[in-house]
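Undergrad: for reference, the sequence and a predicted model appear below.
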Amino acid sequence: MKEQLNTIYQEFLDEISKASSLEELEKLRVAYLGKKGKITAVMKGMKSLSKEERPVIGQLANDIRSNIENGLTDKREALEKERLDKKLKEEVIDVTLPGKKQKRGSYHPLNKVIKDLEDIFIGMGFKIVDGPDIEWSKYNFDYLNMPPEHSSRDLSETFYVDTTPDQEILLRTQTSSVQARALQENGVPIRVVVPGRVYRADEIDATHSPVFHQIEGLVVDENISMSDLKGTLDLIAKKIFGEDTKTRFRPHQFYFTEPSAEMDVSCFNCGGKGCRVCQNTGWIELLGCGMVHPNVLKQCGIDPEKYSGYAFGIGLDRMAMMKYGINDLRLLFDNDLRFLEQFKVED
Ligand SMILES: [Zn+2]
């Protein structure tokens, strides 16, 4: 039995020297010290020994058992240390390697134009307000003094969503729809701009889209005159296109303003000499404007004898196209990263 124990220990020493993983160590532990292990089996056979032999063999078995336990513990520690060293070596950080560049997003050129305009208007004391894209026909047409027979009410020009007995529901065709809403909610005096999406039943081509963007401006107070309109819009044009920008007003006709005008700005590209951007005219059409029609004020419960005001609307898509040299309106809506990444603009 003594030899048997010594042989078992020799076998153990041999096997443990070959073990290279914690899993193998656990197998060894079970094979030698487990309930059905080799040492346990020998100890079970001690009953057949004589009284004199039993304590001697028992002592030897215990010594071997604790040697095996210590051997397993030492080997486990060694293996764990080895694993940790390996891991540390693998995960070493080379600070001399170039860093990975973070890909940064940026504003869509259209949103950049909107943001720039909002900054200008806020600086001039305007408040930014919002209105619904899906609108009642009264706000889109009636309150704006547009007669029932007006062509833009036609199915071929406007997207209708639904009809109720006395109103139609439609996708707003202009941000002017927010004029009456703002006047009714805010009252006078008022000084607001409304950026947003508008919809018309247009075909899609390089300069037309069924969805496009406008910013509406509305100022109503006592003693507001055409010269306030001209002065303010001239200043806005200079802030957008630079100090040397000139403006000119041409008579026009809108139902919700009287008198009405279109405002051109001198071409920011050629300074008025004539180029491709301005189609050799030296001027770029920027916005429609006019003095708020007394009927619009009346419809909103405001006394046109006491109050007057002006309104204007700027097409934002065209402005973004001019500013960034974009030659096709559809590019603004394609969401093609190859296109958008060309207009990285700083915050
Ligand atoms: Zn030009």
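TA: All right, it came through fine.

Undergrad: what sits opposite the residue nearest to residue 117 when sequence neighbours are not counted in the beta ladder?
TA: Spatial nearest neighbour of residue 117, excluding adjacent residues (Cβ to Cβ, 6 or more residues apart in numbering): residue 215 at 5.7 Å. No exception for glycine: its C-beta is placed from N, CA and C like everyone else's. In this entry, residue 215 is beta-bridged to residue 195, residue 314, by DSSP bridges.

Undergrad: residue 215 touches residue 317, doesn't it?
TA: No - between residue 215 and residue 317 there is no contact under Cβ atoms under 8 Å: 11.1 Å.

Undergrad: now the strands for the stretch 51-200 of the chain?
TA: For the stretch 51-200 of the chain, the strands defined by DSSP state E, counting those that start in this stretch occupy 127-128, 134-136, 160-163, 168-171, 190-199.

Undergrad: could I get the ones you listed as JSON lines with mean pLDDT?
TA: Shown next, in JSON lines, are those (pLDDT from 0 to 100):
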{"stretch": "strand 127-128", "mean pLDDT": "97"}
{"stretch": "strand 134-136", "mean pLDDT": "96"}
{"stretch": "strand 160-163", "mean pLDDT": "94"}
{"stretch": "strand 168-171", "mean pLDDT": "96"}
{"stretch": "strand 190-199", "mean pLDDT": "96"}
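
Undergrad: just name the most buried of these.
TA: Highest mean neighbour count among the strands of the stretch 51-200 of the chain (mean count of other Cβ atoms under 10 Å): strand 190-199, with a mean of 20.

Undergrad: outside of it itself, list whatever touches it.
TA: Identification of contacts with strand 190-199 by Cβ atoms under 8 Å, 6 or more residues apart in numbering yields 114, 117-118, 121, 125-131, 133, 158-159, 171-175, 178, 182-183, 186, 210-221, 309, 316.

Undergrad: buried among those? Need that as a selection in ChimeraX.
TA: The following ChimeraX line selects those of those that are buried, judged by 16 or more other Cβ atoms under 10 Å:
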select :114,117,121,126,129,131,158,171,172,173,174,175,178,182,183,211,212,213,214,215,216,217,218,219,220,309,316
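
Undergrad: quick one: contacts for the residue nearest to residue 117?
TA: Residue 215 neighbours (Cβ under 8 Å, 6+ apart): 114, 117, 175, 193-196, 313-314, 316.

Undergrad: what residues does the chain put near the ion?
TA: Applying Cβ under 5 Å from the ion, we find that the chain lies next to the ion at 267, 269-270, 275, 277-278.

Undergrad: walk me through the domains of the protein.
TA: Residue ranges for the domains of the chain, per automatic domain parsing: 2-90, 109-343.

Undergrad: out of these, deepest packed?
TA: Ranked by mean neighbour count, the domains of the chain are led by domain 109-343 with a mean of 17 (mean count of other Cβ under 10 Å).

Undergrad: what's the closest non-adjacent residue to the residue of the stretch 51-200 of the chain at minimum distance from the ion?
TA: Of the stretch 51-200 of the chain, the residue with the smallest distance to the ion, taken as Cβ to the ion, is residue 113 at 18.8 Å. Nearest residue to residue 113, sequence neighbours excluded (Cβ to Cβ, 6+ apart): residue 320, at 4.5 Å.

Undergrad: so what's the one you found up against?
TA: Residues counted as contacts of residue 320 (Cβ under 8 Å, 6+ apart) are 109-110, 112-113, 326, 332.

Undergrad: and the helices in the stretch 1-150 of the chain, which stretches?
TA: In the stretch 1-150 of the chain, the helices defined using DSSP state H, counting those that start in this stretch lie at 2-18, 22-33, 38-44, 53-90, 109-123, 137-140.

Undergrad: now tabulate the ones you listed in CSV and tack on mean pLDDT.
TA: Listed next are the helices of the stretch 1-150 of the chain as CSV, based on pLDDT from 0 to 100:
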stretch, mean pLDDT
helix 2-18, 87
helix 22-33, 88
helix 38-44, 82
helix 53-90, 88
helix 109-123, 93
helix 137-140, 94
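
Undergrad: Serialize those helices to TSV and add fields for distance to residue 200.
TA: Output for the helices of the stretch 1-150 of the chain, formatted as TSV (distance: least, Cβ to Cβ, whole Å):
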stretch	distance to residue 200
helix 2-18	83
helix 22-33	72
helix 38-44	91
helix 53-90	62
helix 109-123	17
helix 137-140	11
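
Undergrad: between those, which one is nearest to residue 244?
TA: When the helices of the stretch 1-150 of the chain are compared by Cβ to Cβ, helix 109-123 sits nearest residue 244, at 16.9 Å.

Undergrad: off-centre distance for the closest one?
TA: 17 Å (Cα atoms, centre = their mean, to the nearest Å).

Undergrad: same for that helix, what does it pack against?
TA: Judged by 3 or more Cβ pairs under 8 Å, 6 or more residues apart in numbering; DSSP states H and E, helix 109-123 is in contact with strand 127-128, strand 190-199, strand 211-222, helix 226-241, helix 316-324.

Undergrad: cool, thanks, signing off.
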